[in-house]
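In: Need coordinates for the below:
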Amino acid sequence: MIGTLDLLLASGWFDLAIAWGWQLFILAVALLLALTKRGRELSKRVFDRLTKLRAGSFEIELGVDQAPQTRERVEEAFALGRARVRRDFDLRVHIHDLRSLRLTVIQQVQDLLVDQKVRQDFRSTIHVPDILFKDAMYQLLEYYPLGTGQGRAFPVRLGILGRSWRTGESEVVGTVTTDVRKLVREWGMTIEEAERFGRGRKSFVCAVVRSKGRPIGIFYLDSKEKDAFGEGEDSDLGTAILDCIDRGCADSGLTSALEDVQMEMRARGPAIRIFDEA
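Out: Modelled structure (predicted):
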């Protein structure tokens with residue numbers, strides 16, 4: 001155990017512990033050891049002899065009988081970590097005036113929308129890479145104009161948002177199927193997610209925001225109306241919207257502000273990898 005502690009200190013994990021607090025730090029180490037192949041191999045002999053992990057006021061019971069309590073403590077620790085992430089992001093949203101910059105771009109997009117139903121119905125937000133979990137996207141702003149949704153995180157393997165981020169390509173989708181089986185097979189959803197999705201939005205825009213050629217976020221639009229933003233990114237309206245967002249983000253300073261936020265936040269989160277690499 002002493003050798004393991006020395007390794008953690010030498011590798012810079014101690015600084016992370018100070019920044020994030022011992023509770024989240026110990027949880028992150030425990031998860032890395034438990035959920036990765038190498039971690040399981042290295043820690044098996046140690047964990048076989050342990051019945052409890054403790055650091056300050058944070059404590060995890062490892063026995064089978066304590067499974068429900070352990071789950072609650074893990075959920076509490078993650079909730080604490082998420083709250084800290086959101087607080088840090090919210091501060092930077094305010095400092096860089098991201099809501100005003102986003103509104104400037106939205107107003108330019110609205111000028112392209114002729115259908116009054118779409119103008120009244122569409123929503124917009126911005127997603128950026130999460131800092132708490134690797135391979136996740138964080139909803140940086142509440143939906144315009146409804147004011148909800150901020151602070152959520154989504155896996156990069158889910159839906160049009162994840163596909164656009166993984167490929168690095170902007171997408172306009174005029175009509176998304178509501179067939180549960182197709183959503184599961186083609187969009188990476190579970191049956192439960194697909195059933196919820198089938199009752200929701202039909203048209204989507206995921207415009208990849210780039211800085212110096214590197215993706216830094218997604219400017220997102222959706223609507224309940226079919227073909228609200230054109231039939232696809234190659235349609236006249238779809239192309240015009242993507243060009244408008246790209247130009248609007250650059251001219252308004254939104255691209256530069258998002259890059260600053262990402263640089264400031266990069267060192268503030270552990271970016272925990274939950275699953276082994278394929």
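
In: Packing partners of the longest helix along the chain?
Out: Assignment by DSSP state H gives helix 67-95 as the longest helix of the chain. For helix 67-95, the packing partners by 3 or more CB pairs under 8 Å, 6 or more residues apart in numbering; DSSP states H and E come out as helix 22-35, strand 58-61, helix 254-265. The way it works is simple: take the backbone N, C-alpha and C, and place the C-beta from them, glycine included.

In: quick check, residue 151 in a helix?
Out: No. Residue 151 is assigned coil when assessed by DSSP: H, G, I helix; E, B strand; the rest coil, not a helix.

In: sorry, back to before: hey, least reliable of the helices and strands packed on helix 67-95 by pLDDT?
Out: Among those, strand 58-61 has the lowest mean pLDDT, at a mean of 53.

In: burial count for residue 229?
Out: 28 (other CB atoms under 10 Å).

In: if I look at it, how far off is residue 205?
Out: 5 Å (CB to CB, to the nearest Å).

In: pLDDT below threshold where in the chain?
Out: Flagging of the chain using pLDDT under 70 yields the residue ranges 1-67, 70, 198-199, 278.

In: Now do the helices in it.
Out: Under DSSP H, the chain gives helices at 2-10, 13-20, 22-35, 37-47, 67-95, 98-110, 116-121, 159-167, 180-187, 191-197, 236-252, 254-265.

In: Now do the longest helix of the chain against helix 254-265: the angle between them, please.
Out: Relative orientation of helix 67-95 versus helix 254-265 (axes from the mean of the first three to the mean of the last three CA atoms, to 10 degrees): 130 degrees.

In: rewinding a little: any shared contact partners between residue 229 and residue 205?
Out: 172, 221, 238, 241 (CB atoms under 8 Å, 6 or more residues apart in numbering).

In: tell me the two of the residues you listed that are most distant?
Out: Using CB to CB, the shared contacts of residue 229 and residue 205 span at most 10.8 Å, a distance reached by 221 and 238.
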